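> Generate a structure from the sequence data that follows.
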Amino acid sequence: MEIQRFISSILLTIAASSTFAFSNQEIVTLLNQQAKQSSHLLHRNKHNTSTLNWESLHGPQLGTAVNIVQMKNNTSMLFAFRPFSVGAINKSIDGGQTWKAISTPKNIFMFDLISIDENHLLLAADQSIYLSTDQGEHWTLSANLNRYCYKLFALNPNLILLTTDIHSASASLLRSLDGGKTWTPARLGLDTEYSLRGLGGRDNFLFLGTKGLNISTNNGVLWTQPEKWKSIPVYTLAVSSKYDVFITDNSHSIYKTNAYGLNVEEIKPNFTGYIDDIKIDNQDRIYAMTHSYSPDHSYLYQSINQGKTWKLLHESTQIYNVTTLDNGKMIVSTNEGLLQYDESLENFAKLPITFSVSETNKILALDENNLFAIDGSTSGTLYSSHDGGKTWIPSHSEKVRDLGVLNNHLLKTEWEHLSVSDDKGQTWQEITSPGKECESMSSQQDSLILGCSDGQYLTRDLSHWKMLKNYGSNYVYGHSIYSSNRKSIKYSNDDGQTWKTLLDNLNDHGTNITGYQDKIVLVAVYEAGIIKTTDGGTTWDLINNGIEDYQFSGIKALDENKFIATTQGGVYTTLDGGKHWTAENNGLDNIKIKSLFANQDMVLVGTNGSGVFKASLKK
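Below is the predicted model:
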């Protein structure tokens, strides 16, 4: 056994640090070995010899799901961030008119942010709690809890609750009595079978949703559930100054009950769509956010009489959340940006946004001025910039799945619709799609492959389509197609009509594929490594020397020797055909890369939470 391990270690070392021609079976074996050991290679510190200099394009700036947090007792100081992302927290000291990014711990996955007094903030990120004592200017690690920290709620500075791992069997509720420094379990009396939903309270009342509504009047030491509350399906909740609790169940109903569980009243307002969330401001005005799927639209309703009557306050393609401020104003996060209502709640103005919180799942450029991005955090909204990324405009088209270019035609797919633009995205014309539910595109040279639920289709003129007898990510050159999926890598030299298997047994690892002319083909195998062939797939090289993160999101060959690869741990380049890779993260303050575009002049990357970054390749 020890001899086998030694031999495997030798093979892995050779494969990771050099380029040798391996047979198909040998390369599959090495890939599987690399995949098993890749977790040990992630996130190691290494001297950065980066030659690329990245600049943030600060976009897309609009239409992102932004959470707004007000500093306690200071309505001029606001914080903006996107939960479930890695991007920066942005701070405003003038009520949202100007913003600046504040220094936060690097590359942490943020879940929630709260203010606990006039100076202190708590940030739930990854499996830890971070504390700022100076209004967000500096952060320190307050507690490492070894579980994903999800939702924070502060009844007062000395009583803070935290839900963790809410969607797993290990979901728990923790309590801190010292400003977030130490945490103790606080789930006594709660049914451990159900995940945690909704969290709130006032004065000495705490409320928490599981299967029903739970209450604690002793600072979360013990939770009880009145009999009438056991059947209430809890999704979100809000508490009025009179201790009335309003609950949504993610359907068409709102439930109202009092703090002692004496009665439960079901409110069935005549809303359009399903109820997503409910909020109550300091004047006991109630706000309900709803959405409909057909058409896809969001609505914000208001009640000033405890839910008896409601009026429509705002409607938009997407309303993500509502923040009520102590001064009676309100900020609504929509796909059109941040909208601030005045105290009358009759008038609103758009807040200027100079930052991005986009989860950019696709980035594409027609040239240096005309850029396009798909923000996956907003149901696939398409944004365009015609000034090199200085400003971004939403297309007001939701659920855009992918973009492609064919002979200077810009294309987008929207699940059931395929559209083309001949004026750089200014106007779009729907064309007949050859397949059903199409959601991906792969375009190289003069060819485009459209991925649909019933197969893949190849075209070179948008009029004639050939159905391919294979499915995966593709590299096309002439009539040759290299196709890579989670099971195998295949090759066709007749436009996809017949296929030859080059590599098999990829063991369900995802792949990205690229090439340069007919000279080389590269495949980035998720969690396993990058492989390269120069002889049509007869032999392969495993080229990983210098790469420390195998969670690949993109790869591009610019010529026979210059390659760019993006991962969840940053950007890598090689100038010698993959013999040596260099980390290229200088100026890239978010290394969670979601998408890649590169040509001979520039590289664009889309991040998970910080929008688009650009680096020039011009000498």
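> contacts and neighbour counts: CA atoms only from here.
OK.
> Now do the same contact list for the closest residue in space to residue 342 that isn't next to it in sequence.
Computed as C-alpha to C-alpha, 6 or more residues apart in numbering, the closest residue to residue 342 that is not its neighbour in sequence is residue 329, at 4.9 Å. Counting by C-alpha atoms under 8 Å, 6 or more residues apart in numbering, residue 329 touches 340-345.
> Residue 553 too?
Counting by C-alpha under 8 Å, 6+ apart, residue 553 touches 512, 565-568, 593-596.
> So which of these sit within helices?
With helices defined by DSSP state H, no entry of the contacts of residue 553 lies inside them.
> Got a ChimeraX select line for the buried ones in those?
A single ChimeraX command selects the buried members of these (16 or more other C-alpha atoms under 10 Å):
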select :512,565,566,567,568,593,594,595,596
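> rewinding a little: tell me the one of the contacts of residue 329 nearest residue 573?
The shortest gap between residue 573 and any of these belongs to residue 340, at 43.7 Å (C-alpha to C-alpha).
> Does that closest one fall in a helix, a strand, or a coil region?
Following DSSP: H, G, I helix; E, B strand; the rest coil, we place residue 340 in the strand state.
> right, and it touches residue 350 too?
Yes. When contacts are counted by C-alpha atoms under 8 Å, residue 340 is listed as touching residue 350 (6.2 Å).
> So between those two, which is more surrounded?
More crowded of residue 340 and residue 350, by other C-alpha atoms under 10 Å: residue 340, with 22 against 15.
> wait, what's in contact with the more buried one?
Residue 340 neighbours (C-alpha under 8 Å, 6+ apart): 329-332, 348-351.
> Without its sequence neighbours, what residue ends up closest to it?
residue 331 is the one closest to residue 340 (C-alpha to C-alpha, 6+ apart), at 4.4 Å.
> What's the local residue count around the one you found?
Residue 331: 22 neighbours (other C-alpha under 10 Å).
> In contact with it: list those residues for me.
Residues in contact with residue 331 (C-alpha under 8 Å, 6+ apart) are 68, 322-325, 338-341.
> I'd like to know how many residues surround residue 137.
Neighbours around residue 137, by other C-alpha under 10 Å: 12.
> thinking it is in contact with residue 103, fair?
Yes. Counting by C-alpha under 8 Å, residue 137 does reach residue 103; the two are 6.3 Å apart.
> quick revisit: who wins on neighbours among the contacts of residue 329?
residue 340 (22 neighbours).
> shaky segments in the stretch 501-619 of the chain?
For the stretch 501-619 of the chain, not a single residue meets the criterion pLDDT under 70.
> What segments of it are strands?
Assigned by DSSP state E, counting those that start in this stretch, the stretch 501-619 of the chain shows strands spanning 511-516, 520-525, 529-533, 541-542, 552-557, 563-567, 570-574, 582-583, 593-598, 602-607, 612-616.
> Redo the ones you listed as TSV? Include distance to residue 279.
As requested, those are exported to TSV (distance: least, C-alpha to C-alpha, whole Å):
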stretch	distance to residue 279
strand 511-516	43
strand 520-525	45
strand 529-533	47
strand 541-542	54
strand 552-557	38
strand 563-567	39
strand 570-574	39
strand 582-583	45
strand 593-598	33
strand 602-607	31
strand 612-616	33
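> just to revisit the earlier point, pull up the gap between the residue nearest to residue 340 and residue 590, please.
27 Å (C-alpha to C-alpha, to the nearest Å).
> Same question for residue 109.
Residue 109 is 11 Å from residue 590, by C-alpha to C-alpha.
> Which one of those two is surrounded by more residues?
Each of residue 109 and residue 590 has its neighbours counted (other C-alpha under 10 Å); residue 590 has more, 26 against 21.
> just checking, the more buried one touches residue 105?
No. With contact defined as C-alpha under 8 Å, residue 590 does not reach residue 105; the gap is 10.8 Å.
> mind listing the helices for this structure?
Under DSSP H, the chain gives helices at 2-17, 24-37.
> mean pLDDT lowest for which of those?
Among these, helix 2-17 carries the lowest mean pLDDT, at a mean of 34.
> what's the burial count for the nearest residue to residue 198 once chain neighbours are set aside?
Among residues not flanking residue 198 along the chain, residue 236 sits closest, at 4.4 Å (C-alpha to C-alpha, 6+ apart). Per other C-alpha under 10 Å, the neighbour tally for residue 236 reads 22.
> ok, residue 236 - contacts?
197-199, 209, 247-249, 276-278.
> picking up where we left off before, common neighbours of residue 109 and residue 590, please.
Contacts common to residue 109 and residue 590, judged by C-alpha under 8 Å, 6+ apart, are residue 86.
> in the sheet, who's paired with the most centrally placed residue in the chain?
Central residue check for the chain by C-alpha atoms, centre = their mean: the C-alpha nearest the mean position is that of residue 359, 4.5 Å away. Beta-bridge partners for residue 359, by DSSP bridges, are residue 608.
> Please look at it and residue 610 and confirm they touch.
Yes. Between residue 359 and residue 610 there is a contact under C-alpha under 8 Å: 7.2 Å.
> Compare the contacts of residue 331 and tell me which has the most neighbours.
Neighbour max across the contacts of residue 331 (other C-alpha under 10 Å) = residue 338, 27 neighbours.
> so what's that one up against?
Contacts of residue 338 (C-alpha under 8 Å, 6+ apart): 62, 331-332, 350-353.
> Now that we're looking at it, what pLDDT does it have?
pLDDT at residue 338 comes out at 92.
> Repeat that for the one 4 residues further on.
Listed pLDDT for residue 342 reads 94.
> Would you mind measuring from it to residue 438?
With C-alpha to C-alpha as the criterion, residue 342 and residue 438 are 43 Å apart.
> do the same with residue 508
When residue 508 is compared with residue 438 (using C-alpha to C-alpha), they lie 22 Å apart.
> So between the two, which is more surrounded?
residue 438 (24 against 12).
> Can you tell me the closest non-neighbouring residue to that one?
residue 452 (3.8 Å).
> Does that neighbour touch residue 440 like I think?
Yes. The pair residue 452 / residue 440 is scored as a contact, 7.2 Å apart, by C-alpha under 8 Å.
> circling back: and the contacts of residue 553, which is closest to residue 558?
Closest to residue 558, out of all of the contacts of residue 553 and judged by C-alpha to C-alpha, is residue 565, at 11.1 Å.
> Give me the buried positions along stretch 403-422.
Those would be 403-406, 409-415, 417-421, for stretch 403-422 by 16+ other C-alpha under 10 Å.
> same check, this time on stretch 351-371
353-365, 370-371.
> With stretch 385-402 instead?
Neighbour count says stretch 385-402 has 385-386, 388-389, 391-394, 398-402 buried, by 16+ other C-alpha under 10 Å.
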